[in-house]
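Visitor: model the following, please.
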Amino acid sequence: MTDKIKMGTILIEGGALLPDSLRFESEPYSKGWRLLKNLDGYGLDRKIRQAGWTFFYMAVEMKASVFGFDAEKALRRAVNRVLANLRSEKFNSLEINQVAAKRFLGLPYVTVSAHPRHIQESMSLFHSKWVAEWDRAKLAPTAT
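Guide: Model (predicted):
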């Protein structure tokens, strides 16, 4: 398997809003996502804080497993599955937590574990689902 995707690897959404002063090397990885080079979560967090922004870490772990004899292709498909789930949650970055190649009944498979991350200017994380729930709660009639 390639050493591009490993523990600590960060992927950032291509159109993510970032501070102007934030500079880093990256390369395209998947449709709409870029792979950071020479920078892990801690290093990126320091750079983002220096710019006055916040790099949120979500405790929830996202996992995907893919069967395949070609470990490289299986890894890419597993990462793409995690990215698809991440996009539905509206987070703009991802930190790879673990990559494992295993076998089940002789068939090889790859498992990828990752944590959603989010870069934004505000120190308060506002998730669109939460805001919608708060709005519904405010508009709901109260029993008197």
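Visitor: mind naming the longest helix for this protein?
Guide: Longest helix in the chain, counting residues (DSSP state H): helix 71-88.
Visitor: average pLDDT for that one?
Guide: Regarding helix 71-88, the rounded mean pLDDT is 87.
Visitor: for it, name the packing helices and strands.
Guide: strand 10-13, strand 26-30, strand 62-67, strand 93-104, strand 107-120 (3 or more C-beta pairs under 8 Å, 6 or more residues apart in numbering; DSSP states H and E). C-betas here are computed from N, CA, C, even on glycine.
Visitor: mind listing what's buried along whichever strand or helix holds Arg46?
Guide: Remark: Arg46 resides in helix 41-50, with elements defined by DSSP states H and E. For helix 41-50, a neighbour-count test (16 or more other C-beta atoms under 10 Å) marks Gly41, Leu44, Asp45, Lys47, Ile48 as buried.
Visitor: CSV for those residues, including pLDDT?
Guide: Output for the buried residues of helix 41-50, formatted as CSV (pLDDT from 0 to 100):
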residue, pLDDT
Gly41, 86
Leu44, 90
Asp45, 91
Lys47, 90
Ile48, 91
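Visitor: how about JSON lines for those, with distance to Lys63 added?
Guide: Shown next, in JSON lines, are the buried residues of helix 41-50 (distance: C-beta to C-beta, whole Å):
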{"residue": "Gly41", "distance to Lys63": "18"}
{"residue": "Leu44", "distance to Lys63": "22"}
{"residue": "Asp45", "distance to Lys63": "23"}
{"residue": "Lys47", "distance to Lys63": "28"}
{"residue": "Ile48", "distance to Lys63": "26"}
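Visitor: ok, so of those, who is nearest Gly32?
Guide: Of all the buried residues of helix 41-50, Gly32 sits closest to Leu44, with 18.6 Å by C-beta to C-beta.
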